[in-house]
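1. sequence plus predicted model, see below.
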Amino acid sequence: KTKNENTVNKANFELEYKVTPTIMLVISPNINQSHSNNNLISASKSKNDKEEAINENATKSNKEIDNLSLGNTINFNKTFSKKLRNLSFVYSNSYSSVDSEGLTLSKTIFFQNNRPTIDRNQNILNNNKSNSNSADIEFIEPITDSLRVRIGVDLDWVNEISELKTYDFDASSQSYNDLNDLQSNYTNSSRNSVRPKLGLTYEKNKYTFNFNSSTSIIDYDNHSLYLNKDTDLNQKHMLPYINAQIRYRFTRSKYFTLKYDYDNTLPTPVQLIPVANLSNPLATFIGNPNLNPNGTHTSSISFNNYNFRKRTGYNLYLKTNYFKNEIVSTSIYDANGKRTSSFINIDDTHSSSIGGSWNQNIKKEAHVFRFGMNLNGNYSFDKGFTNAVLYNAKSVRVTPSVYLSYDYGELLTLAPSYKFTYNETKY
């Protein structure tokens with residue numbers, strides 16, 4: 001049983017100033033503030049493959065969360081007398097703070113191996129801060145009427161701090177003043193990167209070809225303090241990124257697209273730092289400092305025949321993803337059903353999706369009819385480890401949907417729709 005209450009306040013502003021006929025400056029600050037109160041009551045029971053009870057848990061918690069985020073973007077753009085020559089500079093910065101405080105009462109009973117019952121009455125304080133800055137510079141030079149070259153650099157600075165303090169209830173003082181060292185920790189993560197980039201665009205007749213390439217040079221530093229032990233993980237990476245796209249346009253609304261991307265993703269601090277997360281008495285998570293970045297190859301092909309003005313037409317697509325060094329969880333279960341999980345890299349996992357949509361729009365005087373259908377299918381091949389045994393999972397999901405809408409001017413709107421999802425996973 002859960003109950004959530006949220007209060008959200010947002011404000012944003014945009015200033016656009018034309019410094020000269022060829023220079024445009026846009027400043028866009030924003031602020032978001034929210035407060036939420038979350039209440040949870042849960043209960044669970046687990047059995048082994050012999051239908052014997054191995055554990056049961058009852059939890060009651062109340063948590064208040066304050067979230068504040070500030071951001072700003074400065075966009076500078078200059079055009080030149082030569083057609084399509086352009087210089088742009090974009091600077092963005094953001095700051096966020098998430099503070100939470102909550103009381104948790106839980107009781108976990110184990111039925112195997114005489115393991116003692118875990119009773120918890122705790123006040124949990126969590127503070128997370130994030131500060132990021134980025135600067136993107138790009139210059140576009142037209143070589144010919146058909147060929148343009150782009151050159152630039154992206155600079156990023158990110159710092160994240162997380163501090164968790166857990167206090168047990170002290171019966172003698174009737175207050176939460178007993179710091180639980182096993183469930184308290186401090187982490188600090190910083191990531192600085194320089195990403196030079198080069199790209200080109202070729203447009204001729206009905207063909208458009210885009211190619212972009214860059215290499216991110218990254219300093220990735222993670223620090224933790226846990227059980228009075230300092231851990232420092234300092235990593236350096238050079239990660240390539242590639243994007244290529246070919247488009248053939250039959251008409252303004254009918255075109256064929258072939259696209260390829262190669263991307264890299266760094267492990268998160270939680271996945272890397274070897275600090276035990278013991279907040280759940282039935283599940284422990286520990287980071288793996290030996291993780292490698294996850295590389296993703298993505299290919300797609302699509303055909304669009306859609307008139308945006310009339311809102312009629314159809315599209316078809318096929319997309320595949322191949323993962324190298326995908327980061328997945330690995331879990332060990334003991335006789336009481338308690339899980340200890342970490343993270344590892346696994347190769348040769350992949351996913352595919354295929355689908356399309358068809359839409360029609362009929363307007364007659366004040367009457368407007370819109371109807372259409374969508375069909376999407378997904379297949380994924382995943383791997384993981386449970387109790388040190390490698391498993392694979394093949395998943396299929398099919399989602400057809402149809403919709404119909406009728407508008408009579410601005411007086412009446414009817415919009416029924418139906419969506420069905422079929423999932424199947426085999427291990």
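-> On my side now, so go ahead. Residues are numbered from 1 along each chain as shown.
2. flag every buried residue along stretch 201-208.
-> Residues of stretch 201-208 classed as buried: 201, 208 (neighbour count, 16 or more other CB atoms under 10 Å). All C-beta spots, glycine's among them, are computed from the backbone N, C-alpha and C.
3. straight-line length of that stretch, end to end?
-> The separation between the terminal residues of stretch 201-208, taken as CA to CA, to the nearest Å, is 7 Å.
4. equivalent analysis for stretch 246-257, please.
-> Using CA to CA, the end-to-end distance of stretch 246-257 comes to 6 Å.
5. next, the buried residues of that stretch.
-> Within stretch 246-257, the residues that count as buried by 16+ other CB under 10 Å are 246-247, 249, 255-257.
6. tally of neighbours for Arg148?
-> 19 (other CB atoms under 10 Å).
7. tell me the contacts of it?
-> Counting by CB atoms under 8 Å, 6 or more residues apart in numbering, Arg148 touches 84, 140-142, 200-202.
8. and Leu282, backbone torsions?
-> phi -110, psi 0 (degrees, to the nearest 10).
9. what of the one 3 residues further on?
-> In terms of degrees, to the nearest 10, the main-chain angles of Phe285 are phi -120, psi 130.
10. ok, it touching Ser331?
-> No: using CB atoms under 8 Å, Phe285 and Ser331 do not qualify as a contacting pair, with a distance of 9.5 Å.
11. which of these two has more residues huddled nearby?
-> Each of Phe285 and Ser331 has its neighbours counted (other CB under 10 Å); Phe285 has more, 19 against 16.
12. that one: what's it in contact with?
-> By CB under 8 Å, 6+ apart, the contact list for Phe285 reads 270, 276-277, 341-342.
13. cool, and Lys47?
-> When contacts are counted by CB under 8 Å, 6+ apart, Lys47 touches 53-54.
14. what bridges to it?
-> When assigned by DSSP bridges, Lys47 has beta-bridge partners Ala53.
15. can you give me the pLDDT of it?
-> For Lys47, the model assigns a pLDDT of 89.
16. grab the nearest non-local neighbour of Leu278.
-> In space, and not counting its chain neighbours, Leu278 is closest to Gln183: 5.1 Å by CB to CB, 6 or more residues apart in numbering.
17. need phi/psi at the one you found.
-> Comment: the main-chain dihedrals of Gln183 come out as phi -110, psi 30, following degrees, to the nearest 10.
18. just give the number of residues close to it.
-> Gln183 has 18 neighbouring residues, counting by other CB under 10 Å.
19. that one: what's it in contact with?
-> With CB under 8 Å, 6+ apart as the criterion, the residues that contact Gln183 are 122, 124, 164, 166, 278-279.
20. closest one to Thr421 out of the residues you listed, please.
-> Ranking the contacts of Gln183 by separation from Thr421, with CB to CB as the measure, puts Ser279 on top at 32.0 Å.
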